[in-house]
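Peer 1: Sharing a sequence plus its predicted fold:
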Amino acid sequence: MFAKLARSALVIAALGVAGCTESSVQDFAPQHANKQLPAKIIAEMRAKGMNKNAPIMARIFKEENTVEIWKQKTNGRYDIIASYPICKWSGKLGPKFTEGDRQAPEGFYTVRPSQMNPRSGYHLAFNIGYPNAYDRANGRTGSNLMVHGACSSSGCYSMNDPQIEEIYAFGRDAFQGGQTEFQIQAFPFRMTAANMARYRNDPNYEFWKMLKVGYDNFEITKVPPKVDVCEKRYVFNQVAPEGTTFNPSGACPASAQPDALKVAYSQYQSKYDAAFASALNSSNPAPKPTILGTKEAALVADWSKRRARGERVTMDPPSLKSDGTVVETTTRMGRIDSPLGRKMAALDAEKAAAKKAAEEKAQAVAAAKAAKEAEKQRIAEEKAAKKAGKANAIAVVPPEQAAPQEPVTQTASSDGNMVSKVRKRLLGLFGG
């Protein structure tokens with residue numbers, strides 16, 4: 001139990017750094033890797049003339065957000081048996097260019113039994129085989145690109161767990177039936193005339209035109225095309241002369257196609273050309289964002305490296321506009337959840353706490369100083385008020401405190417009358 005817990009912790013820690021990296025620890029296949037397909041799908045297989053262990057093929061459409069599973073019928077042709085909405089895929093429309101650009105690949109890939117991972121940290125998974133011969137010939141890099149569960153993607157095609165259980169079961173059953181490898185065709189969108197017209201001015205258009213040849217071959221034959229690479233490009237259903245091979249970086253041999261296929265393809269292309277011309281004059285939905293080549297891929301890859309080192313970066317990767325302007329969403333910043341990222345985040349938190357404490361101390365000092373100045377001002381105002389009050393008391397005597405002039409006059413007159421009376425009395429006494 002302890003070993004399993006420890007292994008789970010290591011897997012979780014690795015997921016944040018390496019995106020879709022898988023654990024290499026060997027263990028018994030978990031029960032969900034052996035889950036059987038639902039009875040409803042088994043019944044539909046019978047109705048369409050398919051055996052449970054017959055070969056399969058998968059198609060992925062980014063814009064339509066869809067994974068399709070096709071299965072071989074008893075007549076040798078393939079028919080669709082299941083379709084699933086993609087829970088999450090990473091990046092934009094367009095191919096994967098370099099490690100860390102977070103682009104989900106586009107192209108023709110091969111899955112063998114060794115690429116099936118029942119012990120994936122993403123519930124279940126299988127590696128799609130990127131980089132293939134085309135990618136390597138064109139200098140494209142990357143690793144661990146999966147179709148997996150857990151609905152979390154950093155360059156993969158992620159499904160929810162019940163969906164990946166069914167998709168995994170289709171592959172497992174086909175391998176048990178003797179299929180040695182199955183093909184995955186990954187496209188930016190359904191390669192209809194209307195969609196090709198929508199994206200005719202996109203920098204990835206020539207790449208998509210090349211993929212469309214393989215798309216068309218399957219639409220015509222309902223059999224996965226034979227895929228080779230020469231002159232750094234895909235070629236489909238070509239047969240090389242005996243003794244020659246397809247060299248991914250070398251010149252293409254003087255190959256040929258079966259006559260029946262050439263006729264069918266020519267007829268198909270004529271209808272497509274007419275539909276494409278008509279689509280040019282129609283109002284179609286606006287194109288979705290696409291990756292603008294190796295320059296934008298390098299920008300995102302650098303962002304991924306800095307994020308993996310635990311640096312504080314924008315939550316979303318940068319993107320490139322058609323005029324060459326770099327667009328970054330700087331309103332949301334963060335770090336990857338890794339040991340290094342958590343350590344650096346802790347340092348950030350410590351610095352932020354120290355800064356906040358210093359700001360609060362400065363605010364407290366300023367507030368105390370302001371309070372002291374206010375108290376000084378109040379005391380000064382009180383002293384000034386008292387001083388002004390005394391001056392007013394001296395300069396202005398209240399009316400009730402002033403000596404009235406009339407009573408003074410009356411008092412003097414009263415004293416004179418008294419003297420006169422006394423005088424008369426004395427004169428009367430002595431005969432005067």
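Peer 2: Thanks, I have it.
Peer 1: now the strands for the stretch 301-432 of the chain?
Peer 2: Secondary structure of the stretch 301-432 of the chain (DSSP state E, counting those that start in this stretch): strands located at 313-314, 319-320, 326-327, 333-334.
Peer 1: Can you name every helix or strand that the first one contacts?
Peer 2: Think strand 313-314. Applying 3 or more CB pairs under 8 Å, 6 or more residues apart in numbering; DSSP states H and E, one finds that strand 313-314 makes contact with helix 293-308, strand 333-334. Where you see a C-beta, it was placed from the backbone N, CA and C, and this is true even at glycine.
Peer 1: Deepest in the core, which of those is it.
Peer 2: Comparing these by mean neighbour count (mean count of other CB atoms under 10 Å), helix 293-308 comes out on top with a mean of 18.
Peer 1: contacting residues for the residue nearest the centre of the chain?
Peer 2: Centrality entry for the chain: nearest residue to the mean C-alpha point is residue 316, 4.7 Å, by CA atoms, centre = their mean. By CB atoms under 8 Å, 6 or more residues apart in numbering, residue 316 lies in contact with 329, 332.
Peer 1: on that earlier part again, take the helices and strands packed on strand 313-314 and lay them out in CSV including mean pLDDT.
Peer 2: Below are the helices and strands packed on strand 313-314 laid out as CSV (pLDDT from 0 to 100):
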stretch, mean pLDDT
helix 293-308, 94
strand 333-334, 73
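Peer 1: can you list those in JSON lines and add distance to residue 152?
Peer 2: Shown next, in JSON lines, are the helices and strands packed on strand 313-314 (distance: least, CB to CB, whole Å):
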{"stretch": "helix 293-308", "distance to residue 152": "15"}
{"stretch": "strand 333-334", "distance to residue 152": "16"}
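Peer 1: Indicate which one of these is closest to residue 196.
Peer 2: Taking CB to CB, helix 293-308 is the member of the helices and strands packed on strand 313-314 nearest to residue 196, at 19.1 Å.
Peer 1: mind checking which of the strands of the stretch 301-432 of the chain is nearest residue 191?
Peer 2: strand 319-320 (24.4 Å).
Peer 1: Which parts of the stretch 1-150 of the chain are strands?
Peer 2: 56-61, 66-72, 78-85, 88-89, 107-111, 116-117, 125-127, 146-148.
Peer 1: any residues touching the last one, and which ones?
Peer 2: Counting by CB under 8 Å, 6+ apart, the neighbours of strand 146-148 from elsewhere in the structure are 20, 22, 58, 60, 67, 117, 120, 122-128, 156-159, 164, 167, 184.
Peer 1: pretty sure residue 268 contacts residue 215?
Peer 2: No. Checked against CB atoms under 8 Å, the pair residue 268 and residue 215 is beyond contact range at 10.8 Å.
Peer 1: Which pLDDT value belongs to residue 384?
Peer 2: pLDDT, residue 384: 85.
Peer 1: Now do the contacts for residue 92.
Peer 2: 103, 288, 289, 290, 291, 319.
Peer 1: list the contacts for the residue nearest to the last one when sequence neighbours are not counted?
Peer 2: Here the nearest residue to residue 319 in space, its sequence neighbours aside, is residue 327; by CB to CB, 6 or more residues apart in numbering that works out to 5.0 Å. The contact partners of residue 327, taken as CB under 8 Å, 6+ apart, are 318, 319, 320, 321.
Peer 1: More neighbours: which of residue 268 and residue 215?
Peer 2: residue 215 (19 against 14; other CB atoms under 10 Å).
Peer 1: is it fair to say that one lies in a helix?
Peer 2: Yes. Assessed by DSSP: H, G, I helix; E, B strand; the rest coil, residue 215 belongs to a helix.
Peer 1: So it is in contact with residue 188, correct?
Peer 2: No. Contact criterion CB under 8 Å: residue 215 and residue 188 do not qualify, at 10.8 Å.
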